[in-house]
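Student: pasting the structure only:
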């Protein structure tokens, strides 16, 4: 929940109003992200010849438009109150979502990553946003192999165990990240000229 003063100016066009770009900027510049996630991702990307583009978010002109990239995230959808990012690195994929609801005095943040599946193919972002889950289930059930090699079974067991161990850690990290993002958002609003 945001301080009450932001509810009073919401939808007025005031400089005090919090936009979804402000929220995303606060996320990518907050202490928890910059001390933990950003250095790891920057190092991994440098090893693969990518430039460090995290500094772009410090500029107010950077509005997180569709196609814009920050580290491993790419904006795939954007409207007035929401930004949806797709992220991908080393065969892992997922989405990150930011929202500043019109009627609520809150900020929302969410992330997803695929559960390990028995098949060899990695799910795409369309697998997360499709509106045909029943059709996908029937299609997946009809494509199951009769015999699964031991190597694939062991790999899937390892991925399932890794997934089960990482989800609670990810949830806890997300809580700290959200609090750090809120703190940074308040800091950025305080620095703004009135």
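Tutor: Yep, that arrived. Predicted, not measured: the structure shown is a model, and the values here were computed from it.
Student: look at residue 26 and tell me its secondary structure.
Tutor: helix (DSSP: H, G, I helix; E, B strand; the rest coil).
Student: what's across from the nearest residue to residue 76 once chain neighbours are set aside in the sheet?
Tutor: Nearest residue to residue 76 in three dimensions, chain neighbours excluded: residue 86, at 4.6 Å (C-beta to C-beta, 6 or more residues apart in numbering). Placement of C-beta: from N, CA and C, glycine included. Note on residue 86: beta-bridge partners by DSSP bridges are residue 74, residue 95.
Student: counting neighbours, what do you get for residue 86?
Tutor: 18 (other C-beta atoms under 10 Å).
Student: now do the helices in this structure.
Tutor: Using DSSP state H, the helices of the chain run over 4-9, 20-29, 31-32, 38-47, 126-129, 133-142, 150-191.
Student: so where's the protein shaky on pLDDT?
Tutor: Low-confidence segments of the chain (pLDDT under 70): 1, 4-14, 47-53, 114-146, 194.
Student: in stretch 66-78, what counts as buried?
Tutor: Buried residues in stretch 66-78, counting neighbours by 16 or more other C-beta atoms under 10 Å, are found at 68, 70-75, 78.
Student: list the neighbours of it that are in contact with it.
Tutor: 28, 38, 41-42, 45, 53-54, 56-57, 62, 64-65, 83-89, 95-96, 125 (C-beta atoms under 8 Å, 6 or more residues apart in numbering).
Student: before we move on, back to that, now, which of the buried residues of stretch 66-78 sits nearest residue 111?
Tutor: Taking C-beta to C-beta as the measure, residue 111 lies nearest residue 73 of the buried residues of stretch 66-78, at 10.3 Å.
Student: how far away is that closest one from residue 45?
Tutor: Note on residue 73: its distance to residue 45, by C-beta to C-beta, to the nearest Å, is 12 Å.
Student: spit out the contact partners of residue 111.
Tutor: 94-97, 170, 174.
Student: closest to residue 151 out of those residues?
Tutor: Out of those, the member with the shortest distance to residue 151 (by C-beta to C-beta) is residue 94, at 25.4 Å.
Student: wait, what's in contact with the residue minimising distance to the centre of the chain?
Tutor: Nearest to the mean C-alpha position of the chain, counting by C-alpha atoms, centre = their mean, stands residue 96 at 2.0 Å. Contacts here follow C-beta under 8 Å, 6+ apart; on that basis residue 96 touches 73, 84-85, 87, 109-111.
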